[in-house]
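Asks: based on what follows, work out the 3D shape:
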Amino acid sequence: MHFVKMEGCGNDYVYVDGSSEKVDNKPEIVRRLSDRHFGIGGDGVIFVNPGREAEFEMEMYNADGSRSEMCGNGIRCVAKFVYDRGLTRSNPVTIESFGSVKTLELHLKNDKVESVTVNMGKPILLPKDIPAVPANADDEMIVDQPMEIDGKVWNATCVSMGNPHAVFFVEDNNFKDFERMGPLFEHDSHFPKAVNAEFIKVIDDAHIDMRVWERGTGETLACGTGACASVVACILNGKTGRKVEVTLRGGKLDIEWRESDGCVYMTGPATTVFEGDVEI
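Replies: Residues are numbered from 1 along each chain as shown. Below is the predicted model of the structure:
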């Protein structure tokens, strides 16, 4: 099977052209390919398929073989994949994931995609749609709400960008026991379908520092949907303006939650690392 290894801010996936490669038992194959010692290595595998509601479909799997609804860094790389390989000349290009269609504007250098701006859509804030369980069932949003996790009270703001996120504001996100704590947040009973957890240090009105524990994968160097959810959470809590530069462990993303249409826009890089063939 032919594959392409790509990354956006260090959030790396194995990309496969689903129109030419037929793969059975995808969860098992995904776990093997994602393994950084015995496989290619990555935060998961993304199959790039012909679209039904858009020009292309992103079929995304986490490293543990579970399906995920959306990946902001991943979808930017899908746009680079289809444009650089001549599968489309469209700009902008439309890509669907789990039935949700995103529009992506491609920023080119020497006729190759260097970065991408994605309209990530409107954030989902109602607990039943995230999903997340509020402490008070009458709350319309979960904003700065105390939750006891790991024997400590953490204040969460919950947002979905097509996948669930819980954002926590901290003075220092350099936890020494992050590997132990991450799964406790991911699988806490407040989150019926598990959650991506973001730990945010606010630098100033236009800059934040983010560390993320991703559902089904663990700590990653970046999370595009997490960056979007974090900026939404910052604005809901009055901590930043509407245009924010997010520093992640693998790079930086520019996020804007526009008042004009209520949508969140993400701009960031997309990079091809290498490609090859692997026996499956």
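Asks: please count neighbours and contacts with C-alpha atoms only from this point.
Replies: Fine.
Asks: gap between the helix or strand containing residue 212 and the chain center?
Replies: Using DSSP states H and E, residue 212 sits within strand 207-214. Mean-position distance between strand 207-214 and its chain equals 11 Å (CA atoms, centre = their mean, to the nearest Å).
Asks: packing partners for it?
Replies: The contact analysis (3 or more CA pairs under 8 Å, 6 or more residues apart in numbering; DSSP states H and E) places strand 207-214 against helix 178-186, strand 196-204, strand 218-220, strand 243-248.
Asks: again, only using 10 Å
Replies: Judged by 3 or more CA pairs under 10 Å, 6 or more residues apart in numbering; DSSP states H and E, the packing partners of strand 207-214 are strand 164-169, helix 178-186, strand 196-204, strand 218-220, helix 224-236, strand 243-248, strand 251-257.
Asks: only the buried residues of the second one, if you could.
Replies: Of the residues in helix 178-186, those buried under the neighbour-count criterion (16 or more other CA atoms under 10 Å) are 178, 182-183, 185-186.
Asks: run through who's touching it.
Replies: By CA atoms under 10 Å, 6 or more residues apart in numbering, the residues outside helix 178-186 that reach it are 149-150, 165-166, 175, 191, 193-198, 211-219.
Asks: 7 Å instead?
Replies: By CA atoms under 7 Å, 6 or more residues apart in numbering, the list of residues contacting helix 178-186 from outside reads 149-150, 194-197, 213, 215.
Asks: can you say which of those residues are buried?
Replies: Among those, those classed as buried by 16+ other CA under 10 Å are 194-197, 213, 215.
Asks: just put those residues in JSON lines and tack on distance to residue 126 and pLDDT.
Replies: Formatted as JSON lines, those follow (distance: CA to CA, whole Å; pLDDT from 0 to 100):
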{"residue": "194", "distance to residue 126": "16", "pLDDT": "97"}
{"residue": "195", "distance to residue 126": "15", "pLDDT": "97"}
{"residue": "196", "distance to residue 126": "16", "pLDDT": "97"}
{"residue": "197", "distance to residue 126": "17", "pLDDT": "98"}
{"residue": "213", "distance to residue 126": "22", "pLDDT": "98"}
{"residue": "215", "distance to residue 126": "20", "pLDDT": "96"}
